[in-house]
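>>> here's a sequence, model it:
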Amino acid sequence: MADLAALTRRLAETPQEFLAEPRVAGHGEVAVAALVNDVLRVYGAHAGAAVLAEFEGVDARLDRNRLALAMIMAWLLADEALRAARPAQDDLVAALSGLARELAVVTRAHAFVHDAERREELVRSVLARLGLRPQGETEAQAADRLSAISALQRRALLDASRKAEARARKVREALARKLAEESADKWTRE
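Below is the predicted model of the structure:
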């Protein structure tokens, strides 16, 4: 159980150091791998070279937003209440790497600090990855609320809707062709 309001407030108060430019291909201010290593050490976890390599950026276009989001998540994960929950190292790494990768595709990293709904989405997403939920909510309530505000869910629904519409269009076109062929055959026979 975690205090959702306190965690979203923590995100809103993210220090400038965690919003600085991540180091990508030798450019930028913050070595994200070192930051991630520090956060994992606070949890008593040890990050191997393979884990830390995921936080070394090589292409600014591909890595910048993901690494910026990992920095913001590192600030969130440094919260005492989350540390007290003692999540597993694998869950921490999954949140910092996998979740950051997924969310960075659909939302700019700094939106998770500056926009209230995105802050709530990030907190709820991190809690879910850590196997935690907001205080006073059942698992079902927490999952429903996350689904309602999730940019990932919205994108998945839009993609599914586009695919369904494309399938329906193909079926309509196939039916129209079949009707045209049947009509042509009927004219030919008469």
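>>> contacts and neighbour counts: CA atoms only from here.
Will do.
>>> okay, domains of the chain per the record?
As given by automatic domain parsing, the domain ranges for the chain are 4-149, 152-190.
>>> I'd like the ones you listed as CSV, with mean neighbour count and mean pLDDT appended.
As requested, the domains of the chain are exported to CSV (neighbours: other CA atoms under 10 Å; pLDDT from 0 to 100):
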stretch, mean neighbour count, mean pLDDT
domain 4-149, 18, 92
domain 152-190, 12, 70
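>>> what ranges does the protein have for its helices?
4-12, 32-42, 49-53, 60-77, 80-85, 89-93, 100-106, 111-114, 116-129, 139-149, 151-189 (DSSP state H).
>>> export the ones you listed to JSON lines and append columns for distance to Phe18.
JSON lines is the format used below for the helices of the chain (distance: least, CA to CA, whole Å):
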{"stretch": "helix 4-12", "distance to Phe18": "10"}
{"stretch": "helix 32-42", "distance to Phe18": "9"}
{"stretch": "helix 49-53", "distance to Phe18": "18"}
{"stretch": "helix 60-77", "distance to Phe18": "6"}
{"stretch": "helix 80-85", "distance to Phe18": "17"}
{"stretch": "helix 89-93", "distance to Phe18": "18"}
{"stretch": "helix 100-106", "distance to Phe18": "14"}
{"stretch": "helix 111-114", "distance to Phe18": "10"}
{"stretch": "helix 116-129", "distance to Phe18": "15"}
{"stretch": "helix 139-149", "distance to Phe18": "24"}
{"stretch": "helix 151-189", "distance to Phe18": "22"}
